[in-house]
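K.L.:
Build me a structure from this.
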Amino acid sequence: MRVPGNHMSRILDSDGPNRTETAILELVARGEALSNAEIAEKVGTQVSTVRDIRREYRRDDASSDGKAETGGDENSSAVATDASQELIQLQGSDGGEVSLLNSLHDGVVKVAYTGGEPVVCSVNQAFEATFGYSAAEIVGESLREYLVPEEYAQVTQPDERSTAEMQAGRAVTRRTQTGVREFLLREIPHEENGEQYVFKLYTEITSQKRREVELQREVQWLETRTQQLKHERQELEQFASVLSHDLRNPISIAEGYLGQIETEDNEDSIAVIERALSRMNALIDDTLTLKQQSEQLDAVAHHSIDSLAEAAWELVETGDSELRVVDRFDIVCDADRISRLLENLFRNAIDHNEGPCVIRIGVHDTLTTSTRGETETGFFVADDGCGIPEDKHDQVFEIGETTTREGTGLGLPIIKRIADAHDWNVQIVESFDGGAKFVFTNVDIG
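P.N.:
The predicted structure follows:
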């Protein structure tokens, strides 16, 4: 066994090594790949005692053999010696390097590559807190064995990538005392006293990686949904083509022949056929309108609610019903589509009430946060008629829902499509007079 020389005087007493120290030196001299913790357990002493004795042994071994240059397994003791000396420096209260490293929030470890293994020289406080390994436990050990999960294990030499690539960083998966987490690893080569080291900086990105996975799933869902919508749009366009050409022509032919065959004896039957053909035309018109109003908006502009409402009112058989615009405001919209929206609302109110009704349009403020009093501005269209049952408020926007034999069941779905095209929200509530109130929010009101 090689007995250390003068450097052991800081650890050993004048009478030479005691039993504990001798046992440690014997294990070190055998060249077994034992960690400080394993030697301490075998001998029955503290890890710090083993570390100090191994440091002195390596220093004495390196000086006696005259091997100070880096590289290969022959100089592993010299590298480990400098690593231990660096640890002492970092632990010093006046050390500039330790003050700098401990001021960083990211975990930092200083390693020296020995035989391809990243041997830990020192760590900062953030590293200990993040990974759960103390300096006393990990210094002198292979960083890879502590941090790299088995499925990711690989020996990486410091010169396999350029300095720029190392400093730019890469996402890695590392093991901590509390489980596997994700980090951004940046590596900074460092030369000191002719020895080569690497500072490894670990910035945790576990939450970012999790969010990336979620975003990837959302993107995939959006891509799939976009393809589905594209396919549905193509089918709808084909269906609209059938409606506008293949069905209208036979209806026109039938309407033309009705006049030729009508007599006093069959006029009632002819009237039934005419109503049926008229309903078919209405269905075709509303179906085509539903398709058109669902299309993306090309452009929007500021329009007065008064002019939009008046234009829509003129297209409806209003009878004795009355329109009242109780607030004056502008909305940013497609004028043609909003005129159609208002027209359908007016017609819906008049057709579903036996007598005349009063229809009001005004600004609607919705309280969105009870504690802060924040409001969301929109507008409403309300009537004083019989209203819509609460359990039907959502169903009326579904295609085919109607309460009259003459209705197509597409009037309110068209309203919903127009609102969706503007990114508005629409809901039905009971009006002050007990009728139906359609509330539109997320509206750009001027």
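
K.L.:
What strand or helix carries R54?
P.N.:
R54 is part of helix 47-65 when elements are defined by DSSP states H and E.

K.L.:
which residues of the stretch 1-150 of the chain score low on pLDDT?
P.N.:
Along the stretch 1-150 of the chain, the model assigns pLDDT under 70 to residues 1-18, 29-33, 55-100.

K.L.:
What ranges does it have for its helices?
P.N.:
For the stretch 1-150 of the chain, the helices defined by DSSP state H, counting those that start in this stretch cover 19-29, 36-43, 47-65, 76-91, 96-102, 125-131, 135-138, 143-147.

K.L.:
What are the neighbouring residues in contact with the spatially closest residue to I138 that is not a sequence neighbour?
P.N.:
Excluding its sequence neighbours, the residue lying closest to I138 (Cβ to Cβ, 6 or more residues apart in numbering) is V120, at 5.1 Å. Where you see a C-beta, it was placed from the backbone N, CA and C, and this is true even at glycine. Neighbouring residues of V120 by Cβ atoms under 8 Å, 6 or more residues apart in numbering: A83, V109, K110, V111, I138, V139, G140, E141, S142, L143, Y146.

K.L.:
Mind doing that once more with 10 Å?
P.N.:
83, 87, 109-112, 127, 133, 135, 137-144, 146-147, 200 (Cβ atoms under 10 Å, 6 or more residues apart in numbering).

K.L.:
again with T203
P.N.:
T203 touches L104, H105, D106, G107, T130, G169, E182, F183, L184, L185, R186, counting by Cβ under 10 Å, 6+ apart.

K.L.:
now Y202
P.N.:
106-109, 126-127, 130-131, 147, 169, 172, 174, 176, 181, 183-186.

K.L.:
I'd assumed E117 was in contact with L143.
P.N.:
Yes. Counting by Cβ atoms under 10 Å, L143 touches E117, with 8.1 Å between them.

K.L.:
Look at those two and report which has more neighbours.
P.N.:
Between L143 and E117, counted using other Cβ atoms under 10 Å, L143 has the larger neighbour count: 22 against 17.

K.L.:
Relative to L185, how far out is that one?
P.N.:
11 Å (Cβ to Cβ, to the nearest Å).

K.L.:
Then K110?
P.N.:
14 Å.

K.L.:
Also V429?
P.N.:
56 Å.

K.L.:
ok, now R328?
P.N.:
Counting by Cβ to Cβ, the gap from R328 to L185 is 62 Å.

K.L.:
do the same with D327
P.N.:
The value you get for D327 to L185, if Cβ to Cβ is used, is 60 Å.

K.L.:
Look up how far V148 lies from the closest residue to E128 other than its chain neighbours.
P.N.:
Closest residue to E128 apart from its sequence neighbours, by Cβ to Cβ, 6+ apart: S134 at 5.6 Å. Going from S134 to V148 by Cβ to Cβ gives 19 Å.

K.L.:
just G378 next, same as before
P.N.:
Look at G378 and V148: by Cβ to Cβ, they are 56 Å apart.

K.L.:
could you say what helices and strands the helix or strand encompassing L288 packs with?
P.N.:
If you go by DSSP H and E, L288 is part of helix 267-294. Judged by 3 or more Cβ pairs under 10 Å, 6 or more residues apart in numbering; DSSP states H and E, helix 267-294 is in contact with helix 206-241, helix 248-261, helix 335-351, helix 411-421.

K.L.:
follow-up on the earlier one: burial count for the residue nearest to E128?
P.N.:
With other Cβ under 10 Å as criterion, S134 counts 12.

K.L.:
is it true that it touches N36?
P.N.:
No. Using Cβ under 10 Å, S134 is not in contact with N36; the gap is 11.7 Å.

K.L.:
Give me the common contacts of the two.
P.N.:
Going by Cβ under 10 Å, 6+ apart, residues that sit against S134 and also against N36 are V47.

K.L.:
now the residue nearest the centre of the chain: how far from V50?
P.N.:
Centroid-nearest residue in the chain, with Cα atoms, centre = their mean: L215, separated by 4.3 Å. Distance of L215 to V50, computed by Cβ to Cβ: 49 Å.

K.L.:
Nearest residue to F432 in space, please, no chain neighbours.
P.N.:
Nearest to F432 is A382, by Cβ to Cβ, 6+ apart, at 7.3 Å.

K.L.:
For T318, which residues are in contact?
P.N.:
Counting by Cβ under 10 Å, 6+ apart, T318 has contacts F346, R347, A349, I350, P356, C357, I359.

K.L.:
which SS state does it fall under?
P.N.:
coil (DSSP: H, G, I helix; E, B strand; the rest coil).

K.L.:
Could you report the pLDDT at it?
P.N.:
Per-residue pLDDT puts T318 at 90.

K.L.:
I'd like to know how far it sits from F438.
P.N.:
For T318, the distance to F438 - Cβ to Cβ - is 18 Å.

K.L.:
Mind listing the shared neighbours of L143 and L185?
P.N.:
R174, K200.

K.L.:
before we move on, back to that, so can I have a markdown table of the helices and strands packed on helix 267-294 showing mean pLDDT?
P.N.:
A markdown table is the format used below for the helices and strands packed on helix 267-294 (pLDDT from 0 to 100):
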| stretch | mean pLDDT |
| --- | --- |
| helix 206-241 | 79 |
| helix 248-261 | 81 |
| helix 335-351 | 89 |
| helix 411-421 | 85 |
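
K.L.:
For A309, find the nearest of the ones you listed.
P.N.:
Proximity to A309, assessed across the helices and strands packed on helix 267-294 by Cβ to Cβ, is greatest for helix 335-351 (5.7 Å).

K.L.:
Tell me the helices and strands packed up against that closest one.
P.N.:
helix 267-294, strand 301-304, helix 305-313, strand 330-333, strand 358-369, strand 374-383, helix 411-421, strand 436-441.

K.L.:
So for R211, which of those sits nearest?
P.N.:
Comparing these by Cβ to Cβ, strand 358-369 comes nearest, at 26.0 Å.

K.L.:
quick one: average pLDDT of that closest one?
P.N.:
In the prediction, strand 358-369 has an average pLDDT of 79.
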